[in-house]
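Novice: Pasted the sequence and its predicted model underneath.
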Amino acid sequence: MELTRRDAAAALAALGAGGAVGYAAHEWGSGGDDSPDAPDDGLATDEEVRDALVAVAEVVYPSAVSGIAAFVESFLAGRLEREDHGRGVRETVGELDELASEWYDGPVAELDPEDRDRLLREVGADVADENPEGTTAERVRYYVVNELLLALYASPRGGELVGIENPQGHPGGTDTYQRGTP
Amino acid sequence: MSGPATNRARNRAVDRTPVDGADVCVIGAGPAGGLVAARLADAGYDVVVLDAGPRFDPGDRQERMERAIRPAYDRPDVWGVGGERDAHAATGEWFYPLNHARVKGVGGSTLHWQGMVMRLHEADFNSRSERGVGVDWPIDYADLRPYYAEAERELGVAGADDNPFGPPREEPYPMPAFPPSYSDSLFAAACEELGISMHSVGNARNSETYDGRSECVGYGTCQPVCPSGAKYDATVHVERAEQAGATVIDRAPVQYLEHSADAVRAAEYATPDGETHRQEAEAFVVACGGVETPRLLLLSESEEYPGGLANASGLVGKFFMDHLFAGTGGVLDEPTRQNHVGFITSESHQFYDEADAEVGPFKLEFFNYAGPSPVELALTGDDWGDALLERLNAEYGDHVAVGALVEQLPREDSYVALDPERTDHLDSPVPDVHWNVGDRALETIERANQVQEQILDELGAEVTWQAGPDSTGPAYHHMGTTRMGNDPEESVVDPQCRTHDLDNCWIAGSSVFPTGGAMNPTLTIAALALRVAEDIERSL
């Protein structure tokens, strides 16, 4: 099953972008430590966030889906526009990349899939309860792992993997609940 | 959502000072207060509405929905309930989770409600006469009937006149009912075998565009937040009141009702800047729900009313009731198509009027959201990738459930009082919800469970859970704490919902219900509020 930018737009429609700004309006290359006036405060740049989340998505998404890079990039663009949330994502990705570099000699995006999986589990994101203000494990679960799972499974395409065309959080109308399995 | 700096800036800009020469002061911007305010403002009166909570930004609703889905947030977090402002006690035999049961702010608890609206049955108004328990209301169904029809138009109710057990109606619902769900069709075959009739449900949710609001688009998170606005909430009427000239002051908890022996003179309220103000008016409407309404009256004690304002009867806070939930669920060996929407489309009131002294009325609800939501399931657990998908497919897709609401009788040992030990952020004693339910309610839950088991058995389901007498909980319908009656010694308000003790003070809301029946209360709240508005207009 191929994910598309349109699927990402559907996920964003459900979960919301920053104010009225849609994913198309996001200018890649902004934010994080690469911004001209940004202090070096551990915030990941747009590209670092994108590369890390695409790499993690390749681990946490089922093998049946493809088109992950375009989907994640489009979804992220909208989510990073939400100021507080975007900052949380950047901070957490910055921490995760730092740990990856310490333990595996490179940022998440440069690790092979087995090491990415191992890193997430060593961080504790598999057993942690998500918490935007919690420990590193809890924040990785919230801003990275669950951010990606939410994007997928609150979208109609992700819902189809489970047998629900209109998953909770998606405004998919009032027809599907009346119908049997397609 | 807005950060603290933005909120501070906004709070500085808002004028929360009293309005000179107000005709009516409404305390509480929920459905009861909103309707009264809108009606009276429309009629040309100068109306002020005070609410303890904030005015929520409609643009935040998608983020609130995300909170509803994500496991990081508990239910009270969705609308910012909790903390010192909302501290409470629960000393009864049954714990009462008050902050799961309410929202403070413009719109009140309709912001998080399910949106089910049905009329009480005729016998509910005559419990003592017809069922031998509880008390009779001082009004009948016939008295409320035209107001019910008006309330259905005001809220926007989707429904069909297909309920053979319901009270008589005089006109169609404002909108067509939502069609039955796929799982309703599975239940229908089983119910037909058992001789149980199913019928549609009144939903305060738009099945088509209504009153300038969107039709339902199926977000599936009705409770606790509808991002589309298709589900009615009281911001509709609060905004209508403002358009008609009313003043709405948010974050203005009323601390005391200043009064003489027979009239309220002013509502003293606090504002976020630490100031206290006095709002004077000719008439006052207390519409703060079944817990905060008696709390405010009890806080407003004086030499004339040492036991609390409007409390010559000693009954303010007494007879706290809620509806109890009974439920049975299981799994089938076929897809059941749950969790596409967050509302139900079929019920059965067949057993409702079999009620007597031993077993109370109950209604059956056929769920469209049985079992886990795949999205929420995906955000928990220690698996991901293919293992997660495998778990989602194993756990989602074959659940069914039948719920029920059950009546609790009014009992004097079930009450709302002031906690003698604890105070809130403004140093006012917090409410203590001392909740006791009684044996009849538990018997009724057992009876509802029996019927539910029969239905699931006929359906061929394997029962996997049951909410019975030992595991029941409240439906978050606070009723009874300022009961209505003819006798001032036996009730707090008269049949027009005006307090017996004070000439210019009305109470709007479910606190005036002498008994609760087993129907969701908001349509009755709305009908009574419209009647209150009429009575105030006559008196001004």
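Specialist: Thanks, I have it. Everything quoted here is computed from the prediction, not taken from an experiment. Numbering: from 1, shown residues only, chains lettered A, B, ... in the order given.

Novice: where's the closest residue to chain A within the stretch 1-150 of chain B relative to A:Glu133, distance?
Specialist: Using CB to the nearest CB, the point where the stretch 1-150 of chain B gets nearest to chain A is B:Gln62, with a distance of 3.5 Å. In this view, the C-beta of every residue, glycine as well, is placed from N, C-alpha and C. Using CB to CB, to the nearest Å, we find B:Gln62 at a distance of 21 Å from A:Glu133.

Novice: Show me which of these two is the more surrounded one.
Specialist: B:Gln62 (21 against 9; other CB atoms under 10 Å in any protein chain shown).

Novice: just the CA coordinates of the helix or strand harbouring that one, formatted as PDB?
Specialist: In this structure, B:Gln62 sits in helix B:61-69 according to DSSP states H and E. In PDB, the C-alpha atoms belonging to helix B:61-69 read as follows (Å, rounded to 0.1, in the frame of the first residue of the first chain):
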ATOM      1  CA  ARG B  61     -10.900  22.100  18.900                       C
ATOM      2  CA  GLN B  62      -8.800  19.900  16.600                       C
ATOM      3  CA  GLU B  63      -6.000  20.100  19.200                       C
ATOM      4  CA  ARG B  64      -8.500  19.200  21.900                       C
ATOM      5  CA  MET B  65      -9.500  16.200  19.800                       C
ATOM      6  CA  GLU B  66      -5.900  15.100  19.600                       C
ATOM      7  CA  ARG B  67      -5.800  15.300  23.300                       C
ATOM      8  CA  ALA B  68      -8.900  13.100  23.500                       C
ATOM      9  CA  ILE B  69      -7.200  10.500  21.300                       C
END
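
Novice: Quick check: next helix or strand after it?
Specialist: Next in line after helix B:61-69, if elements are assigned by DSSP H and E, sits helix B:75-78.

Novice: sorry, back to before: tell me the gap between the helix holding B:Gln62 and the middle of its chain.
Specialist: In terms of CA atoms, centre = their mean, to the nearest Å, the gap separating the centre of helix B:61-69 from the centre of its chain is 20 Å.

Novice: Assess the claim that the residue of the stretch 1-150 of chain B closest to chain A and B:Pro227 are in contact.
Specialist: Yes - in this structure, B:Gln62 sits in contact with B:Pro227. The criterion is CB atoms under 8 Å, and the distance is 5.0 Å.

Novice: which parts of stretch B:397-413 are buried?
Specialist: Buried residues in stretch B:397-413, counting neighbours by 16 or more other CB atoms under 10 Å in any protein chain shown, are found at B:397-411.

Novice: Among these, find me the one that's closest to A:Asp129.
Specialist: Comparing these against A:Asp129 with CB to CB places B:His399 closest, at 23.9 Å.

Novice: by how many degrees do the helix or strand of chain A with the lowest mean pLDDT and helix B:61-69 diverge?
Specialist: None of the helices or strands of chain A scores lower by mean pLDDT, DSSP states H and E than helix A:5-15, at a mean of 82. Taking axes from the mean of the first three to the mean of the last three CA atoms, to 10 degrees, helix A:5-15 and helix B:61-69 form an angle of 90 degrees between their directions.

Novice: Buried by neighbour count: which residues of the next helix-or-strand element following helix A:5-15 qualify?
Specialist: Past helix A:5-15, heading to the C-terminal end, the next element that is a helix or strand (DSSP H and E) is helix A:46-60. If you call a residue buried by 16+ other CB under 10 Å, then helix A:46-60 has these buried ones: A:46, A:48-60.

Novice: low-scoring pLDDT stretches of chain A, where are they?
Specialist: Residue ranges of chain A with pLDDT under 70: A:16-40.

Novice: tell me what the helix holding B:Gln62 is packed against?
Specialist: The helices and strands touching helix B:61-69, judged by 3 or more CB pairs under 8 Å, 6 or more residues apart in numbering or on different chains; DSSP states H and E, are helix A:5-15, helix B:75-78.

Novice: could you dump the ones you listed to a markdown table with mean neighbour count and distance to A:Thr92?
Specialist: As requested, these are arranged in a markdown table below (neighbours: other CB atoms under 10 Å in any protein chain shown; distance: least, CB to CB, whole Å):
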| stretch | mean neighbour count | distance to A:Thr92 |
| --- | --- | --- |
| helix A:5-15 | 22 | 17 |
| helix B:75-78 | 19 | 20 |
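
Novice: okay if I get the ones you listed as JSON lines plus distance to B:Ser200?
Specialist: Listed next are the helices and strands packed on helix B:61-69 as JSON lines, based on distance: least, CB to CB, whole Å:
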{"stretch": "helix A:5-15", "distance to B:Ser200": "28"}
{"stretch": "helix B:75-78", "distance to B:Ser200": "28"}
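
Novice: right, and those helices - which one's nearest A:Tyr143?
Specialist: In terms of CB to CB, the element of the helices and strands packed on helix B:61-69 nearest to A:Tyr143 is helix A:5-15, at 13.5 Å.

Novice: who's in contact with the closest one?
Specialist: Judged by CB atoms under 8 Å, 6 or more residues apart in numbering or on different chains, the contacts made with helix A:5-15 from elsewhere in the structure are A:22-23, A:70-75, A:78-79, A:150-152, A:154-158, A:169-171, B:62, B:65-66, B:219.

Novice: Just the ones in helices from those residues, please.
Specialist: When helices are assigned by DSSP state H, the members of these inside them are A:70-75, A:78-79, A:150-152, A:156-158, B:62, B:65-66.

Novice: looking at this, B:Leu296 is in a helix?
Specialist: Yes - note on B:Leu296: a helix contains this position according to DSSP: H, G, I helix; E, B strand; the rest coil.

Novice: tell me which of the buried residues of stretch B:397-413 is nearest to chain A?
Specialist: After measuring the buried residues of stretch B:397-413 against chain A - CB to the nearest CB - the closest member comes out as B:Gly397, at 5.2 Å.

Novice: need the contact list for that closest one.
Specialist: B:Gly397 makes contacts with A:Val162, A:Gly163, A:Ile164, B:Pro335, B:Thr336, B:Gln338, B:Gly371, as judged by CB under 8 Å, 6+ apart.

Novice: How about the third one: what's its closest non-neighbour residue?
Specialist: So the one you mean is A:Ile164. Leaving aside its sequence neighbours, A:Ile164 sits nearest to B:Pro374 (CB to CB, 6 or more residues apart in numbering or on different chains; 5.9 Å).

Novice: What count of nearby residues applies to that neighbour?
Specialist: Residues near B:Pro374, counting by other CB under 10 Å: 27.

Novice: Following the longest helix along chain B in sequence, what is the next regular element?
Specialist: When chain B is parsed with DSSP H, its longest helix is helix B:439-459. Downstream of helix B:439-459, the next assigned helix or strand under DSSP H and E is strand B:462-467.

Novice: Now do the SS call for the closest residue to B:Thr499 other than its chain neighbours.
Specialist: Setting aside the residues directly before and after it, B:Thr499 is nearest to B:Ala310 in space (CB to CB, 6+ apart), at 4.0 Å. Three-state assignment for B:Ala310 (three-state DSSP): coil.
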